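Asks: Sequence and predicted model, in that order:
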Amino acid sequence: MILQVEVRGIFATNCYFYIDDATKHGFLIDPGAEADKLLKIIEREGFTIEKILLTHGHFDHIGAVNEIQSKFGIEVCMQGNGRDYVENPAWNLSAYFNLNMKLDDVTYIEDFSKIILSANRNFGLKMIPLAGHTTDSAIFYSKNDSVAFVGDSIFLNSIGRTDFPGGDEITLRKNLRDKIFTLSNDTILLSGHSEPTSVANERKLLMI
């Protein structure tokens, strides 16, 4: 099961529950705001969240992490360069809105790691680094379900911004070509700020 939830802080951001139907265990991806809203969904649906996964460290993707993590004592995982963002309000952009967000308890996982559900060893995601929007940007990919949670690297008919700290358009375009457009055509791309799209659609529009 994939449940997309829009959460609103300064900006609206798509947060995702990726849940194993058989056990109701799963992952929470990019809880950017409205912790109370997300906690109510977890309680209502009977979900057990084993890990919080972050596609990158911008404030609109991490804003509810501390509250949810403290509630359940669960691990927060992200790409290794995430430290530069979650420990620095200027780099995660929260300083510009006087929010000064930081995360203190994060596991920085190795590139191409597989994150496996303890309740079902056949259910999981692969973390693929995809720098460009930020140096710590990554996607979480399931070949079995033909889906990739892509954060702000690529959207419906567009690519991520590269004018923030650590951004680089040349790097982003190369990584999209090498790491997104090489996935199967039917792979669904679920982003932080647009409707779902597919590899086939974005390759056709953006491949250069």
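Replies: Structure's in. What do you need?

Asks: helices and strands around the biggest helix by length in the chain, which ones?
Replies: Longest helix of the chain, by residue count under DSSP state H: helix 35-45. In terms of contacts (3 or more CB pairs under 8 Å, 6 or more residues apart in numbering; DSSP states H and E), helix 35-45 is packed against strand 2-8, strand 12-19, helix 65-72. C-beta: built from backbone N, CA, C; applies to glycine.

Asks: can you tell which of those is closest to residue 125?
Replies: strand 12-19 (7.0 Å; CB to CB).

Asks: Could I get the average pLDDT for the next helix or strand after that closest one?
Replies: Using DSSP states H and E, the helix or strand that follows strand 12-19 in sequence is strand 25-29. The average pLDDT for strand 25-29 rounds to 98.

Asks: Also stretch 87-100?
Replies: 96.

Asks: How about stretch 114-126?
Replies: So the average pLDDT for stretch 114-126 ends up being 97.

Asks: start to end distance for it?
Replies: End-to-end distance for stretch 114-126, by CA to CA, to the nearest Å: 4 Å.

Asks: neighbouring contacts of it?
Replies: Defining contact as CB atoms under 8 Å, 6 or more residues apart in numbering, one finds that stretch 114-126 is touched by 18, 20, 22-23, 25-27, 48, 50-51, 53, 77, 109, 112-113, 127, 140-144, 149.

Asks: Then stretch 197-208?
Replies: The contact list for stretch 197-208, computed with CB under 8 Å, 6+ apart, reads 154-159, 173, 176-177, 180-181, 183-189, 191.

Asks: Looking at those, which are in strands?
Replies: If you go by DSSP state E, the contacts of stretch 197-208 have 154-155, 158-159, 188-189, 191 in strands.

Asks: Closest to residue 6 out of those residues?
Replies: Checking these against residue 6 with CB to CB, the nearest one is residue 191 at 12.1 Å.

Asks: The helices and strands packed on helix 35-45: which one's closest to residue 88?
Replies: Taking the helices and strands packed on helix 35-45 one by one with CB to CB, helix 65-72 is closest: 15.3 Å.
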